[in-house]
Structures are given as C-alpha cells and as structure tokens.
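> sequence unknown, structure follows:
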C-alpha cells in the first residue's frame, strides 16, 4: 500500500516536471533520484493513462504532457 | 502550365533538369503520382490528400530557387502508445502551398530480407494512397518502408490500416510501425539463406527474433540515442552492417574454405584467369594455383570473400559456421564515421541468437547508464575505452580486436611507385 502511495506521489511529481518543459527520462531520473529503469516503467504507465506523451526533436525523443505537446505542435506547425 | 493526361502540373523548370539523363528520376515519379492521384480522385476513389504530390513539386521547385529548405524537422509522434516510427515534417509555406503544410513521414517495419509479395506491396500502397500522399521510398537507410507525407490527423488511421492490412486490404500479413528517435531502429538483414549460398547463419530468423523480442525497445524510445542492429550472412556484408549499424552480426566460418577442384578447372577452361583474377588478388597472398590444383593457406585467410565471389561454384565458406559481432559502427554525426570493430570474434550459428540477446541487453544497460545525451554506443566506447566495454560483455581482449576502428568507409587505391 505504502509503495502504491509512493508511486502515485512520484507520478504526480513527474507530471509537475513535465509541465515545465519536455524531459528525457534519464535527466528526470537523476533529479528524482529514481533508477532510470523504474522511471521508464512509470513513464510508460503515464503515457498509457494519457497523462504523458512522447515528443520528438526529429532525432531524439522527449517526454512531455499532452497539453504541452499540443502547444509545441501548434508552434512548430506555425498556427 | 504543362498538362499530362488531362492533369495540370505546376511549372518546374529547375526540377525538370533532374528528369534528363538515363537514370531513374524521382521528379518523374512524383509527377506520375500527381497525375495518378488526381485521376483516381476524379474516378471517385476516396483519397485524403489528392494534391500532396503536386504540392511537393511546388515546394521542391521553390527550394531549388531559394537555395534553402522549406521543411521544418521533428515534432509529433502521434500514434497511440508508440514513441517512434513517425517523423514530423511541416512546411513553412503553409499559406502558399497548404497541400504539404503537414508532410509527416511514417516508417514501416519491413519484412526480414525485404521479401514481399506483390499483394502485400499493393495493400500498403492502397492504404497509403487513401491516408497519405501515395509517395513511398523503398527503402530508407535503416531499411524501413518509408511512407512520405501525411497530415497529423491521418497518422492514427494509417497505423490502424497497417495493423489490419490483411483484413482491410487483402495483404498476406499486417504491418507494424518501425523505429525512430532514441530507440532500437528496425533491425534489418540481408536475404541470407533464402537466396544466398554464402550465408553462414540464418539472418532472417535472427532479424525476426530481435524484432519480436525487442518490441518495447523498438517502439518506446528510452536510450541516449539510436541503436541499430544489422545481420549480414557473410563477410560480403550486403547490408553494410559494419558501416551502418551499432551492432553488426556478420556471418563467417572457423575452418577451411571448401574447394571443388574439378569446378576450379572448369572455370579455368571457360576462360577465367585463375592466377590473375584470384591468386594475385588475394590480399594476404594465401592462394596458389599450379594449373591443376588450387590451394588456400586458410590460416592467412582474412575472409575478404574475393576468391569465393569470383569462383562461386568451386569455393564455399567452411562448414563450421557462425558470426562475428562488430560494435560501434555509425555514419558521421558527433564524432564522424566509425566502422564497427570486433567485439566477439566468433559465435557458433546455433548459439547465435541467444548469445546476441545476452550481449545486447548488457550493452543497453551499460550505455543507458553511462552514455551522454546523443552519444552512440561506439562513441561511448571510444570515450571510456575498449577494455571497459569488454568487461560489460564479459569478453577478454583478443588480437582480432583492433586498438582503433577505421574511420573512413572508402578505400582509395594507388599503384606503388618504384
């Protein structure tokens, strides 16, 4: 149970960071002091839940929020 | 304005130059696609982007005129649950050429060895004509089927069409999206034992197994940068794995080249100059021919494949077959080109796939932990040293592992001056 709460807290923290700018999971793992492999799984859960999304610079991939993704896409497409 | 088959095409004097000459022309093909899609639309076919090929002609012409690109790179990865396989492209001339404002590329996982039936190809093209520009590029440098140009809102329907290509379009099998971004790129293989007698292991099976086992790595980017696996059945390396992949699996043999002396004599009788075309061309001088018998000093053979390529009926790779693993190959980016260099000299063919998976997983863990942003695995090895890397994959240093890899994929030959 305690583990579940920690995971939910961690998810919340990840979302807070993602709202600021797109991140690579490895950098988030360092900041949040979580093993990257564990964070990969949690980020995947967030993506499946529709709370996070992939965004690509063209050759490298970042994680962001769906809202931020929409905003960046509009900017890139020139809307 | 030129008119072809009743379809008006834009004026493209600069692009027209690229139609001249005896070689195939992409301009000719784009024009053909523009005509075909307009005709199909007039015939009542459901096409979402009928003007895309025409728009592409206009943008290209302008790029040649303005001497700069009008494409903006990167952006959305809009297929649900996938982090790779779609490369965002936007045109900065959305008001002038709205037909190609969104022009995203989709990478589709090709079958191992690029074996298709025409039915499968037709089905892919039919789906792409409906949801995209109809333009394709077979194949991209990793090997994927490249579908060029669609709008954001058509990405998901196209991915769905591929997933049900068998049911919706009569393809023998459905297709999936390939890799892009910081993930495992679509593994590729030469045609191997399906068509080639030199194959020293089953490249198609290896490629298939890697693709299936590493679906997560392929679709969910998680690494510092891209990682490519290529399987070549013999040292001819038809998929250019040593220059173009981080992890090259190149078929080789441990024992002696098999020689059919009678077939060698037949070649000589048929006019092949064995001395000039084979013996003198051996880079280590390991071959001799007395007009009756061809001898090979196998200890000095460096597996260049020249003699086998010249005399394919008479010479064959040895019977004890397997593969060499080369690591770190890549085309130029941060640190310039690196040709892959030997990490594991020999793995027997029957142990190859499991052993490769073991090594791959160890490499990925290490690289993911230690690699810098946009640092390929070869660059990491270059930075920390081969001895560190050998500890990761549990190998001891070997004379076949050179100190520094070659960094120029081309060999320029000059005759020695006396």
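It's in. Owing to the predicted nature of the structure, the values given are computational and were not obtained by experimental measurement.
> up against chain B, what does chain A have?
Proximity of chain A to chain B is confined to A:24-26, A:36, A:40, A:44, A:47-48, A:53-61, A:69, A:72-73, A:76-78 under the rule C-beta under 8 Å from any C-beta of the partner chain. To be clear about C-beta, it is placed using only N, CA and C from the backbone, and glycine gets the same treatment.
> and those residues, which of them are buried?
The neighbour-count test (16 or more other C-beta atoms under 10 Å in any protein chain shown) marks A:24-26, A:36, A:40, A:44, A:47, A:53-56, A:60-61, A:69, A:72-73, A:76-77 as buried among these.
> quick one: contacts for the nearest residue in space to residue B:289 that is not next to it in sequence?
Spatial nearest neighbour of residue B:289, chain neighbours left out: residue B:274 (4.7 Å); criterion: C-beta to C-beta, 6 or more residues apart in numbering or on different chains. For residue B:274, the contacting residues are B:264, B:267, B:268, B:289, B:294, B:311, by C-beta atoms under 8 Å, 6 or more residues apart in numbering or on different chains.
> can you name every helix or strand that whichever strand or helix holds residue B:55 contacts?
Using DSSP states H and E, residue B:55 sits in helix B:52-66. On a contact count with 3 or more C-beta pairs under 8 Å, 6 or more residues apart in numbering or on different chains; DSSP states H and E, helix B:52-66 meets helix B:13-16, helix B:26-42, strand B:135-138.
> buried set for the second one?
Applying a neighbour-count criterion of 16+ other C-beta under 10 Å, one finds B:27, B:30, B:31, B:33, B:34, B:35, B:37, B:38, B:40 buried in helix B:26-42.
> and residue B:234, that one's in a strand?
No. Under DSSP: H, G, I helix; E, B strand; the rest coil, residue B:234 falls outside any strand and is assigned coil.
> that one and residue B:241 touch, don't they?
No. Using C-beta atoms under 8 Å as the test, residue B:234 is too far from residue B:241 to be in contact (11.0 Å).
> list residues touching both of the two?
Shared contacts of residue B:234 and residue B:241 (C-beta under 8 Å, 6+ apart): residue B:250.
> quick one: average pLDDT of the helix holding residue B:55?
Confidence over helix B:52-66 (mean pLDDT, whole number) is 96.
> pLDDT on the lengthiest helix in chain A, on average?
Longest helix of chain A, by residue count under DSSP state H: helix A:2-20. Averaged across helix A:2-20, pLDDT comes to 84.
> quick one: buried residues of the helix or strand following that helix?
Counting by DSSP H and E, the next helix or strand C-terminal to helix A:2-20 is helix A:25-32. For helix A:25-32, the neighbour count (16+ other C-beta under 10 Å) marks A:25, A:26, A:28, A:29 as buried.
> got the contact list for the last one?
Each residue near residue A:29 by C-beta under 8 Å, 6+ apart is listed here: A:35, A:36, A:39.
> same check, this time on the second one
Under the criterion of C-beta under 8 Å, 6+ apart, the neighbours of residue A:26 are A:36, B:224, B:368, B:373.
> ok, residue B:173 next?
Per C-beta under 8 Å, 6+ apart, neighbours of residue B:173: B:120, B:165, B:166.
> endpoints of stretch B:238-255, how far apart?
End-to-end span of stretch B:238-255 (C-alpha to C-alpha, to the nearest Å): 22 Å.
> buried sites along it?
Those buried within stretch B:238-255 under the rule 16+ other C-beta under 10 Å are B:238-253.
> returning to that earlier point: the residues of chain A next to chain B in strands, which ones?
Of the residues of chain A next to chain B, the ones assigned to strands by DSSP state E are A:53, A:54, A:55, A:56, A:61.
> okay, helices next: where are they in the stretch 301-418 of chain B?
B:306-310, B:352-370, B:377-384, B:386-393 (DSSP state H, counting those that start in this stretch).
> for residue B:58, find the nearest of these.
With C-beta to C-beta as the criterion, residue B:58 lies closest to helix B:377-384 of the helices of the stretch 301-418 of chain B, at 39.9 Å.
> which residues sit against the closest one?
With contact meaning C-beta under 8 Å, 6+ apart, helix B:377-384 is reached by B:227, B:246-247, B:327-330, B:334-335, B:338, B:340, B:363, B:367, B:370-372, B:375, B:388-389, B:405.
> if we can go back for a sec, quick one: buried ones out of the contacts of residue A:26?
Using 16+ other C-beta under 10 Å, the buried ones in these are A:36, B:224, B:368.
> rewinding a little: okay if I get the helices and strands packed on helix B:52-66 as TSV plus mean pLDDT and distance to residue B:127?
TSV is the format used below for the helices and strands packed on helix B:52-66 (pLDDT from 0 to 100; distance: least, C-beta to C-beta, whole Å):
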stretch	mean pLDDT	distance to residue B:127
helix B:13-16	97	28
helix B:26-42	92	14
strand B:135-138	94	11
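> interface residues of the stretch 201-350 of chain B facing chain A?
Counting by C-beta under 8 Å from any C-beta, the positions of the stretch 201-350 of chain B adjacent to chain A are B:220, B:221, B:222, B:224, B:225, B:226.
> who's in contact with the third one?
Spelled out, that is residue B:222. Applying C-beta under 8 Å, 6+ apart, the residues contacting residue B:222 are A:25, A:40, B:182, B:183, B:368.
> at 7 Å what do you get?
Applying C-beta atoms under 7 Å, 6 or more residues apart in numbering or on different chains, we find residue B:222 in contact with A:25, A:40, B:183.
> tell me the centre residue of chain A?
residue A:63 (4.2 Å; C-alpha atoms, centre = their mean).
> which strand residues bridge the residue lying closest to residue B:71 once chain neighbours are set aside?
Nearest in space to residue B:71, with sequence neighbours left out and distances taken as C-beta to C-beta, 6+ apart, is residue B:89 at 5.4 Å. Beta-bridge pairing of residue B:89 under DSSP bridges involves residue B:73.
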